[in-house]
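>>> Need the 3D shape of this:
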Amino acid sequence: METELFNAIVETFQDMGATPRSYSGRGMYGKECFGVDSSNPVNDLIRLFGALAEQFDAEQIAEVANALDGVRMDSMGRGSIMYWPSIEWQENVRDDQDEDGDDAPYLGAHERGEE
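Residues are numbered from 1 along each chain as shown. Next comes the predicted model:
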């Protein structure tokens with residue numbers, strides 16, 4: 001998946017209050033993929049496509065739909081995580097900066113103490 005679409009997906013999920021992060025699901029043997037912590041996964045996927053439809057053309061939306069096909073879910077107590085083993089987690093792909101002016105990594109790096 002191209003970086004622009006990956007960023008748009010991550011940012012859209014964040015705007016909805018979901019938490020994109022790296023995740024290693026069952027049977028992945030430590031390989032990390034794209035995941036999203038969510039209290040309402042189905043609703044978040046519907047809202048994601050609605051928001052992306054305003055930003056991208058039909059071909060790009062089809063690319064997102066194909067990439068997000070095959071979603072898996074795990075229960076995480078109060079919520080769930082949706083994850084896509086076929087989408088590699090992309091570290092530090094945005095140009096965002098934190099309050100110190102440093103590049104702000106995605107949550108995966110923070111959770112692993114790699115900042």
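
>>> use CA for all of it now, contacts and neighbours both
Noted.

>>> Could you identify the longest strand within the chain?
The strand spanning the most residues in the chain, taking DSSP state E as the definition, is strand 79-88.

>>> Adjacent strands (with direction) for that one?
Next to strand 79-88 in the sheet, as set by DSSP bridges, lie strand 33-38 (antiparallel), strand 72-76 (antiparallel).

>>> most tightly surrounded among these?
For the strands paired with strand 79-88, average neighbour numbers computed from mean count of other Cα atoms under 10 Å are highest in strand 33-38, which has a mean of 23.

>>> Which helix or strand lies directly C-terminal to it?
Scanning forward in sequence from strand 33-38 by DSSP states H and E, the next helix or strand is helix 41-53.

>>> buried sites along that following helix?
Residues of helix 41-53 classed as buried under the neighbour-count rule (16 or more other Cα atoms under 10 Å) are Pro41, Asp44, Leu48, Phe49, Ala51, Leu52.

>>> correct me, but the first one touches Tyr83?
No - Pro41 lies out of contact with Tyr83 (Cα atoms under 8 Å); the separation is 10.5 Å.

>>> Least confident secondary structure element in this protein?
Within the chain, no helix or strand scores below helix 107-111, which has a mean of 39 by mean pLDDT, DSSP states H and E.

>>> show me what contacts Gly27?
With contacts defined as Cα atoms under 8 Å, 6 or more residues apart in numbering, Gly27 has no neighbours.

>>> what secondary structure does it sit in?
coil (DSSP: H, G, I helix; E, B strand; the rest coil).

>>> okay, it: pLDDT?
In the predicted model, Gly27 carries a pLDDT score of 82.

>>> which phi and psi does Trp89 have?
Dihedral angles of Trp89 (phi, psi; degrees, to the nearest 10) stand at phi -70, psi 130.

>>> what about it, distance to Phe6?
Here Trp89 is placed at a distance of 9 Å from Phe6 (Cα to Cα, to the nearest Å).
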